[in-house]
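Visitor: Sequence first, then the predicted structure, then my questions.
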Number of protein chains: 2
Amino acid sequence: MTPDERRRLARVLSRLADASVSEVLRLPQSGDGHCRRIGVTGPPGAGKSTLISRLARRRLTGEGDLAILVIDPTSPISGGAILGDRIRMEELENEERIYIRSLASRESRDGLADNLPDILAALQSFGFSEVLIETVGAGQVAHAIRALVDTLLLVLHPGAGDQIQAMKSGILELADIYVIAKADQPGAKELVAELRSVRKERSVAGAGWRPPIVLSSHGEDESMQKLAAEIDRHQAWTTVSERWEDARVLWRAQHVESLLSRRVGEVLRALPRDALKQPIDELYRAVLRELADPGAM
Amino acid sequence: MTPDERRRLARVLSRLADASVSEVLRLPQSGDGHCRRIGVTGPPGAGKSTLISRLARRRLTGEGDLAILVIDPTSPISGGAILGDRIRMEELENEERIYIRSLASRESRDGLADNLPDILAALQSFGFSEVLIETVGAGQVAHAIRALVDTLLLVLHPGAGDQIQAMKSGILELADIYVIAKADQPGAKELVAELRSVRKERSVAGAGWRPPIVLSSHGEDESMQKLAAEIDRHQAWTTVSERWEDARVLWRAQHVESLLSRRVGEVLRALPRDALKQPIDELYRAVLRELADPGAM
């Protein structure tokens, strides 16, 4: 990616941050993309950012460029990103084939950025071959990111046994690859055993993919090689099992859902307060009329 | 509430579980309700269900009936409610003026039930004067429930110091009343001190309401009296500060948003798979045309 393209992409992404739905719809669109999407989630402090910094260069094996999106939670009251300081990816900033962008999760109810589909579509139109998406937390946000990526990594660290307990409600079942970061710390063996038992229950359910467990500790490079290979193996499996195609159809539907739901919000916010006092069915029809107004589209 | 009304309500709520958006819009609607909504949230095991059982009778001081909604998380993979066993409210089931209903959070991305606005509107049309809504967890779901209630209780228990750390991202700032359940257990004093320091930071932000801290332990009734009084005091404050009215306007907007977003989902699911392959802007317009189709409304 040339410095010029990089600047142009930065401008597009900045414009998307405040764009109305009709502005988003007027942006140029790419055709069928072959951009892989890899999600990285896990509890705060698990070591996700460090892992991504190390993994990113490993993933530059092919031709294409790599984008990294870091989604920061924001407090709805303070409005500010609170975990900005944890981003330690400076050493990647000078890498010509890597583009890094941090996003606030804004007012989204699922913990992701509400315009994330726009951003992913923009990255696709700039020809990235792969996007790594980092999210914090392992609650609702894990379900939301699951629906947006091909391959989902769950990053845990030793001593996170309690976290596994708290996570039992399906989060572990969402991941395609488990990564144990800081694996040289005490408790790694127990964590592997716990994950194995989860995996066993899961394979009974017949998901067809047995999530590997990759141990990673700082200072050694072999685990990154292994992790990159497991990602490739999973990507290959999604293609064979037609999940790749299914995911892309789902993403388009999600993108349109996201745009329409934001457009409904725009319409509702523009209505006079008194209009919101009419019966629900009438209000529903009033919003529909506004939505269909070709002048506003 | 007569046994007849109770059965009729149960039928309406069951119908709502699978209703299409157009069916929801055809249901009879009530006028301006004076139904209070009180949310009860907190981490698993904090003692929310026990608290609600004890609080519910206390809240029956006025004329009206009281509804209790218990929202259970569901695993998106198993599809089943996993915490159903924690509901220990049987002793209330025989109380004529109390109606209890358990809801699965279904596929909602915010951890609540996606048709919760329909259910709340139905309860309102049946003339309940108050609804207590129990939700599990203190992540995104706390933000979602905050937007749906007048008064939000956050239930914690001693020894939950780590939980407070994990919760710092704004959840504590959402609550109107802090309740320390199991306050006879060690650590209650430390928890009070922690909550006081959070409250201090918050009052600097000038929210205008200073959340009281209510200590409750099993077997004594004074704390329930105090909690009920604090709820009344907060309800009175919301009325004076015009939050009561603002909340009801917001709820109507949210309800219409929820209906439209579900309708968009219905339309997208009904489209042939090939239609999902057209460019995003064309797909957007195709969905809009379906939405506006008066035959389908």
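Guide: Right, received. Where do you want to start?
Visitor: Quick check, A:V40 in contact with A:L51.
Guide: Yes: taking Cβ atoms under 8 Å as the definition, A:V40 is a contact partner of A:L51 at 6.9 Å. To be clear about C-beta, it is placed using only N, CA and C from the backbone, and glycine gets the same treatment.
Visitor: What's the local residue count around the closest residue to chain B within the stretch 101-250 of chain A?
Guide: Closest contact between the stretch 101-250 of chain A and chain B, by Cβ to the nearest Cβ, is at A:G170 (3.6 Å). Other residues within reach of A:G170, judged by other Cβ atoms under 10 Å in any protein chain shown, total 18.
Visitor: go on, the one 3 residues further on?
Guide: Residues near A:E173, counting by other Cβ under 10 Å, number 20.
Visitor: Please apply the same query to A:D293.
Guide: 10.
Visitor: Give me the distance between it and chain B.
Guide: 10 Å (Cβ to the nearest Cβ, to the nearest Å).
Visitor: May I have the predicted confidence score for the residue of the stretch 101-250 of chain A closest to chain B?
Guide: A:G170 carries a pLDDT value of 70.
Visitor: coming back round to it: okay, and the common contacts of A:V40 and A:L51?
Guide: Common neighbours of A:V40 and A:L51, using Cβ atoms under 8 Å, 6 or more residues apart in numbering or on different chains, are A:V155.
Visitor: Least confident secondary structure element in chain A?
Guide: helix A:161-167 (a mean of 62; mean pLDDT, DSSP states H and E).
Visitor: any idea how far the strand or helix carrying A:H143 is from the chain center?
Guide: Under the criterion of DSSP states H and E, A:H143 resides in helix A:140-146. Centre-to-centre, helix A:140-146 and its host chain are 8 Å apart (Cα atoms, centre = their mean, to the nearest Å).
Visitor: Just the buried residues of the helix or strand following it, please?
Guide: Heading C-terminal from helix A:140-146, the first helix or strand you meet, by DSSP H and E, is strand A:151-156. Neighbour-count burial for strand A:151-156, counted by 16 or more other Cβ atoms under 10 Å in any protein chain shown, picks out A:151-156.
Visitor: Ok, stretch A:4-15 next?
Guide: For stretch A:4-15, a neighbour-count test (16+ other Cβ under 10 Å) marks A:9, A:12-13 as buried.
Visitor: cool, stretch A:259-266 as well?
Guide: In stretch A:259-266, counting by 16+ other Cβ under 10 Å, buried: A:259-265.
Visitor: Do you have the strands of chain A handy? List them.
Guide: With DSSP state E as the criterion, chain A has strands at A:36-41, A:66-72, A:98-104, A:130-135, A:151-156, A:177-180, A:213-215.
Visitor: The ones you listed into CSV, with extra columns for distance to A:R199?
Guide: CSV is the format used below for those (distance: least, Cβ to Cβ, whole Å):
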stretch, distance to A:R199
strand A:36-41, 17
strand A:66-72, 27
strand A:98-104, 31
strand A:130-135, 22
strand A:151-156, 12
strand A:177-180, 8
strand A:213-215, 8
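Visitor: In chain A, where is pLDDT below threshold?
Guide: Applying pLDDT under 70 to chain A flags the ranges A:30-33, A:73-91, A:105-111, A:137-139, A:160-169, A:202-207, A:294-297.
Visitor: Quick check, central residue of it?
Guide: A:I133 (4.1 Å; Cα atoms, centre = their mean).
Visitor: that older thread, alpha carbons of the helix holding A:H143, as CSV, please.
Guide: The C-alpha coordinates for helix A:140-146 follow below in CSV (Å, rounded to 0.1, in the frame of the first residue of the first chain):
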residue,chain,number,x,y,z
GLN,A,140,-22.2,-10.3,24.1
VAL,A,141,-19.4,-8.8,22.1
ALA,A,142,-18.0,-12.3,21.3
HIS,A,143,-21.3,-13.3,19.8
ALA,A,144,-21.4,-10.1,17.7
ILE,A,145,-17.8,-10.5,16.4
ARG,A,146,-18.5,-14.2,15.7
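Visitor: so what does that helix touch, helix or strand wise?
Guide: When contacts are defined as 3 or more Cβ pairs under 8 Å, 6 or more residues apart in numbering or on different chains; DSSP states H and E, helix A:140-146 packs onto strand A:36-41, strand A:130-135, strand A:151-156, helix A:171-174, helix B:140-146.
Visitor: Could you list the buried residues of the shortest one?
Guide: Within helix A:171-174, the residues that count as buried by 16+ other Cβ under 10 Å are A:171-174.
Visitor: Closest one of the residues you listed to B:S241?
Guide: A:I171 (38.7 Å; Cβ to Cβ).
Visitor: who wins for proximity to B:D114 among the helices and strands packed on helix A:140-146?
Guide: Short answer: helix B:140-146, nearest of the helices and strands packed on helix A:140-146 by Cβ to Cβ, at 10.5 Å.
Visitor: Can you report phi and psi for A:N115?
Guide: Note on A:N115: backbone dihedrals following degrees, to the nearest 10 are phi -100, psi 20.
Visitor: That concludes my questions; thank you for your assistance.
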